Structures are given as structure tokens and as C-alpha cells.
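>>> Below is the sequence, then the predicted model.
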Amino acid sequence: MSAIKELKEHLLNRFGEGIRIEAFNNSKSCLEKVDETTNIVVLNNHLKGENDIEVLQSIKEINPNTEVIVLSEEEDIAQAVDSYRAGAKGIVIRGSDSGRRVAKLITRIFTAPIRIIEKELGLSQRIAIFIMSFLTVGAIVLLYFIFFK
């Protein structure tokens, strides 16, 4: 099984089907499948014959809200800086625990609002989680009354 297939399987097991996370070995399949509903893309930075920065920028043009994680073969500071400038959320160096590191980075992406509430309001993590839960339930109830009543 290829590394990308293993990574897809690991992410599906870890996060389920409710979050659309895609991983790609080539830019053609990536750009064909990325759309407005794609939450996260894990992009191999050594795409065959492709400039990965251009692919990253194309993903952001398709959906600016898609978070992109670059999976790299080696540590290259210049490449990392270019990737961050183009909109990458993180860089993960491929290795035996790269799946775990990608999962950890995805978890950080989804828990960012809680960390912002903690920092900006000076609240504990538990209180921040409570506030986010309260706001989420409130939004769902509001949408229910708007669309179904």
C-alpha cells in the first residue's frame, strides 16, 4: 500500500467521514477533486513534474478556506517558507510517524477557535470549550428556526 493511501486510511479512521480530508500524489488528481467542500488537503510536495507552490495556490483559488498541509521528503527551509507564504497551514517531514504528526496538525486546525478564545479572553480551556459548544448549539437552533419553522 502506498504512503498516501495509508495516510488517507489513518485520517479516515482518526477523523471519520464528516470532515473532508484529501491526500494526493499528483496535481492533476488534486485539482480535479478539490472543490468548495474540501476542508483539508495533504499535498505531497514532490509532485511529478509539477511546481507544488503553484498547485497550493491553485487549491487556494478554488477554495480559500481549504487548509493545506504539505508532506515533504526532506527539510528545506526555503521550500517551507515558500509554502507558508502560498497559504500552507503546516509542513510535515515524511517519516515513520508522519501520519500521527499530520493528525496532530489537523486537530490543531480544528481547535484553533478554542485557543483564540482562551488567549483573547484569558479563559481556561474548559470554559472556552463550553462557550464554543454553547455557540454551536445556538447557531444550530437558530438555523432550525429560520429554515424549518
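Received it, and whenever you're ready, just let me know what you need. The structure presented is a predicted model; accordingly, all values stated were derived computationally and were not measured. Numbers count the residues shown, from 1 in each chain.
>>> For the helix or strand bottoming out on mean pLDDT in the chain, which outside residues touch it?
Ranked by mean pLDDT, DSSP states H and E, the weakest helix or strand in the chain is helix 3-15, scoring a mean of 71. With C-beta atoms under 8 Å, 6 or more residues apart in numbering as the test, helix 3-15 has contacts from 1, 21-25, 42, 44, 71, 94, 98-99, 102-103, 106. The C-beta positions use only the backbone N, C-alpha and C, and glycine is treated the same way.
>>> Show me what the host helix or strand of Ser133 is packed against.
Here Ser133 sits within helix 125-148, counting by DSSP states H and E. Judged by 3 or more C-beta pairs under 8 Å, 6 or more residues apart in numbering; DSSP states H and E, the packing partners of helix 125-148 are helix 112-121.
>>> quick one: buried residues of the helix it packs on?
114, 117-118 (16 or more other C-beta atoms under 10 Å).
>>> Kindly report the same for stretch 73-89.
With burial defined by 16+ other C-beta under 10 Å, the residues of stretch 73-89 counted as buried are 79-80, 82-83, 86-89.
>>> Provide a list of residues in contact with Leu71.
Leu71 neighbours (C-beta under 8 Å, 6+ apart): 7, 23, 42-45, 92, 94, 98, 102.
>>> hmm, 7 Å instead?
42-45, 92, 94, 98 (C-beta atoms under 7 Å, 6 or more residues apart in numbering).
>>> now it, what's its secondary structure?
The three-state label given to Leu71 by DSSP: H, G, I helix; E, B strand; the rest coil is strand.
>>> tell me the pLDDT at it?
At Leu71, the model reports a pLDDT of 81.
>>> what's the spacing between it and Val141?
40 Å (C-beta to C-beta, to the nearest Å).
>>> Turn the buried residues of helix 112-121 into CSV, columns for distance to Glu32 and pLDDT.
Shown next, in CSV, are the buried residues of helix 112-121 (distance: C-beta to C-beta, whole Å; pLDDT from 0 to 100):
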residue, distance to Glu32, pLDDT
Ile114, 34, 85
Ile117, 37, 86
Glu118, 39, 88
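>>> Please convert these to CSV, extending it with distance to Ile131.
CSV is the format used below for those (distance: C-beta to C-beta, whole Å):
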residue, distance to Ile131
Ile114, 9
Ile117, 6
Glu118, 10
